[in-house]
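Chemist: turn this into a structure:
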Amino acid sequence: MNPLGSTRLADTANGAWHVTFTHTLHAEWTKLRTAGDTGRLLLLTITLTVAVGCGTAKAVKCPDTGCGQDPVKLALTGITVGQAVIAVLAVLAISNEYGTGMIRTTLTAVPNRLTVLAAKATVLTTVVLASGTAAVLASLLAGRCVLPGNGFTAAHGYAPLTLADGPTLRAAAGSVLYLALIALLALGTATAVRDAASAIATVLGLLYLFPILTQVVNNPHWQHRLQQISPMTAGLAVQATVHLRERPIGPWAGLGVLATWAATALMTGSLLLHARDT
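Modeler: You can find the predicted model right below:
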């Protein structure tokens with residue numbers, strides 16, 4: 001075959017895929033935007049994240065002798081609650097289509113199932129990054145206002161929370177990425193499981209049961225290992241700004257563990273989506 005002809009065929013195929021993916025992105029954005037629960041769940045995520053972070057900041061006092069607390073992590077405590085709402089949103093992004101049978105229409109319009117899943121993941125990630133950014137910034141602002149009144153002052157060795165501080169910026173950006181990865185973990189799980197209730201239970205179990213199991217295990221070695229592989233414990237290590245050497249895993253390495261969980265879930269969901277006759 002003429003090499004020039006092969007190049008043109010490849011360019012045509014790439015162009016067709018680009019058009020298809022763009023159209024699929026638009027369709028998935030329309031579905032997510034018009035879903036009745038999307039706006040409420042995103043607003044609930046921001047509200048719970050800020051409220052829990054603010055409540056935690058108000059509850060913890062730092063005496064004159066110091067308290068050894070991480071003020072950034074305190075302000076961002078609400079992420080541990082807001083992530084549950086993000087997980088529910090991500091599950092519903094595809095399980096609702098399975099429940100109503102609309103997934104057949106979607107896959108008829110776009111036979112390439114990987115394109116459909118990629119478009120859903122892209123739209124979902126974009127929305128979660130936007131809402132997560134709002135939640136994190138509002139939480140840090142609330143912490144900056146509340147924490148000094150509880151003893152977290154320069155006199156006690158605590159500077160006001162600011163994104164100009166490198167560790168604080170890393171914790172903030174990492175928390176937003178953490179929520180996006182939770183969404184992808186939930187999307188991949190829901191794609192594999194299909195049933196909304198089962199998918200939500202699976203994701204929340206992965207997030208919240210690992211820390212409980214860590215407390216139950218008495219062996220220090222296994223406690224350390226469980227903390228290193230737990231999607232929530234390892235992922236939230238990115239929020240730490242003090243005593244980093246005492247942590248079971250480093251900030252970015254911990255986020256990498258969560259990314260591995262999310263990638264595995266998406267890969268599993270993609271393979272099952274291809275294999276099943278939906």
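Chemist: and Ala234, what does it touch?
Modeler: By CB atoms under 8 Å, 6 or more residues apart in numbering, the contact set of Ala234 is Gln227, Gln228, Pro248, Ile249, Ala253, Gly254, Leu255, Val257, Leu258. For every residue, glycine as well, the C-beta is placed using N, CA and C.
Chemist: excluding its backbone neighbours, what's nearest the last one?
Modeler: Put plainly, it is Leu258. Nearest residue to Leu258, sequence neighbours excluded (CB to CB, 6 or more residues apart in numbering): Gly235, at 3.4 Å.
Chemist: and that neighbour, what is it in contact with?
Modeler: Going by CB under 8 Å, 6+ apart, Gly235 touches Tyr178, Leu181, Ile182, Gly254, Leu255, Val257, Leu258.
Chemist: tell me the one of the contacts of Ala234 nearest Ala171?
Modeler: Minimum distance to Ala171 across these is 10.8 Å, recorded for Leu255 (CB to CB).
Chemist: what about that closest one, neighbour count?
Modeler: Neighbour count for Leu255, taken as other CB atoms under 10 Å: 24.
Chemist: flag the shaky bits of the stretch 151-278 of the chain, pLDDT-wise.
Modeler: 277-278 (pLDDT under 70).
Chemist: now do the helices in it.
Modeler: Applying DSSP state H, counting those that start in this stretch to the stretch 151-278 of the chain gives helices spanning 166-193, 196-216, 220-229, 231-235, 251-275.
Chemist: helix, strand or coil for the closest residue to Leu161 other than its chain neighbours?
Modeler: Of all residues not flanking Leu161 in the chain, Arg144 sits nearest, at 4.3 Å (CB to CB, 6+ apart). Local secondary structure at Arg144 is given as helix here, using DSSP: H, G, I helix; E, B strand; the rest coil.
Chemist: just want the most central residue of this structure.
Modeler: Here the mean C-alpha position of the chain is nearest to the C-alpha of Leu179 (CA atoms, centre = their mean), at a distance of 2.3 Å.
Chemist: how near is that one to Lys58?
Modeler: Taking CB to CB, to the nearest Å as the measure, Leu179 falls 23 Å from Lys58.
Chemist: and for Thr108?
Modeler: The value you get for Thr108 to Lys58, if CB to CB is used, is 53 Å.
Chemist: next one: Ala135
Modeler: Distance from Ala135 to Lys58, counting by CB to CB: 18 Å.
Chemist: cool, and Leu140?
Modeler: 15 Å.
Chemist: return the residues in contact with Ala109.
Modeler: Ala27 are the contacts of Ala109 under CB under 8 Å, 6+ apart.
Chemist: equivalent analysis for Thr214, please.
Modeler: Residues near Thr214 by CB under 8 Å, 6+ apart: Gln223, Leu226, Gln227, Ser230, Thr233.
Chemist: about what we covered before: more neighbours: Ala135 and Lys58, which one.
Modeler: Ala135 (27 against 15).
Chemist: need the phi and psi values for Gly151.
Modeler: Taking degrees, to the nearest 10, you get phi 100, psi 0 for the backbone angles of Gly151.
Chemist: how about it: what's its closest non-neighbour residue?
Modeler: For Gly151, ignoring the flanking residues on the chain, the nearest one in space by CB to CB, 6+ apart is Cys62 at 3.4 Å.
Chemist: all set, thanks.
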